[in-house]
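> fold the following for me, if possible:
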Amino acid sequence: MHNGAIYTIGGRNSSDQPTKTTYYAKIQSNGELGAWTSTQPLPVALYLHSVSVDDTYVYVVGGWSGSQTESTIWRAPFDANGGLGAWTNVGSYPVNIDLHGSVIANGHLYVLGGWNGLQPLNNVYYAETAAGGIGQWQVANPLPVPLYRLAATVYKDVIYVTGGYDNNQTARNSVYYAKINADGSLGAWQATTAMPRALYYHRLVVHDGQLV
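Have a look, this model is predicted:
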């Protein structure tokens, strides 16, 4: 979501194939959505990728192309009408990855956990976002356990990770958080109150100061 609009970017279609299509719909004053409008498609068809936004750009990290797990990072600017400008390849993640989480905070892109095509990961990397692209990737404190199919969000300089599958192929109800330091690095991950049930392939947002 960005500036009063909701976006869908890529994904798997009814034929179980990745797609390039991108749509957005503006949120009306009564809470309903306006008409969905197509905008700049992805350069390649993807699903199982992550999407993060800042004030200026939307970032797509990794994903599955239908034949392989990807590492490319694509970026597109928001235009004045709510659509997207042209997508640009702004670099690569250190490993091929899908089923991961990503967030943007304080001028840094954080990528968390995921699947490298062979096994789940507890890796966390972060890089500075800038007009010219992505800075050098830095290693942050790893997640307490390898996780994929997780959800992640950020609130008041704290990153939260919920649920997902672990390396035993078990769905989890765990909730972890790590504080963002002034230099962009992360503090140690801590466990907090678990969710009422195990979840995976879910989403996580903050509304009125609460995780939803």
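> so this structure: which segments form each domain?
1-92, 96-212 (automatic domain parsing).
> could I get those domains as CSV with mean neighbour count and mean pLDDT?
To be clear about C-beta, it is placed using only N, CA and C from the backbone, and glycine gets the same treatment. Formatted as CSV, the domains of the chain follow (neighbours: other CB atoms under 10 Å; pLDDT from 0 to 100):
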stretch, mean neighbour count, mean pLDDT
domain 1-92, 16, 96
domain 96-212, 17, 97
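> for the residue lying farthest from the centre of the chain, what is the enclosing helix or strand?
Within the chain, N30 marks the point farthest from the mean C-alpha position, 27.9 Å out by CA atoms, centre = their mean. Using DSSP states H and E, N30 sits within no helix or strand.
> spit out the contact partners of it.
Counting by CB atoms under 8 Å, 6 or more residues apart in numbering, N30 makes contact with nothing.
> so who does the closest residue to V60 other than its chain neighbours touch?
The shortest distance from V60 to any non-neighbouring residue, by CB to CB, 6 or more residues apart in numbering, is to W74 (4.4 Å). W74 makes contact with 42-43, 59-60, 87-90 under the criterion CB under 8 Å, 6+ apart.
> what is the nearest of the residues you listed to M1?
Nearest to M1, judged by CB to CB, of the contacts of W74 is Y59 at 14.1 Å.
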